[in-house]
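**Student:** Give me coordinates for this.
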Amino acid sequence: MTEDTTMNQNNNIIEQTIKLVARTGLFFAKADGHYSEREHAFIDAFVAQLALEGSPDEARALVADVEHEAITLHQLVADTRALLGTLPPDQADTVLLMLYAFATDVVNADGTHSPAERQALTQWRQALARS
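**Tutor:** The predicted structure follows:
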């Protein structure tokens with residue numbers, strides 16, 4: 001494998017991870033039917049932080065790409081499993097822990113305790129625990 005091929009694969013995994021983070025955040029932010037400005041700002045800031053090696057504008061564009069998608073729990077679990085399956089086990093564990101922490105932070109970002117968001121978080125965690 002050439003250095004360019006490895007770099008392209010790494011960039012692809014980073015892009016897939018950023019998109020998955022965006023989808024994860026958007027799924028939980030919208031789980032209660034209200035996508036607040038605080039949730040939006042939190043997701044944008046987190047994704048921009050992930051993309052520090054690249055461009056924050058590029059990261060925001062990736063969020064915008066998925067912002068209007070209707071994301072289901074089933075799809076989110078499948079996307080998460082697919083990405084984790086491409087990573088070595090130690091990296092997959094790290095990404096999963098980061099996603100758990102991020103999802104919890106998104107649920108808490110607007111300062112309200114939405115039962116719908118909390119239920120979605122529980123269902124998502126349970127589904128991934130069975131992976």
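
**Student:** For this structure, give me the ranges with low pLDDT.
**Tutor:** Along the chain, the parts satisfying pLDDT under 70 run over 1-11, 53-56, 130-131.

**Student:** Which residue ranges of it form strands?
**Tutor:** Here the chain has no strands by DSSP state E.

**Student:** how near is residue 58 to residue 67?
**Tutor:** 15 Å (CB to CB, to the nearest Å). Bear in mind the C-beta positions are built from the backbone N, C-alpha and C, glycine included.

**Student:** Between the two, which has more neighbouring residues?
**Tutor:** Using other CB atoms under 10 Å as the criterion, residue 58 and residue 67 rank with residue 67 on top: 17 against 13.

**Student:** so that one makes contact with residue 26?
**Tutor:** Yes. Residue 67 is within contact range of residue 26, at 6.3 Å (criterion: CB atoms under 8 Å).
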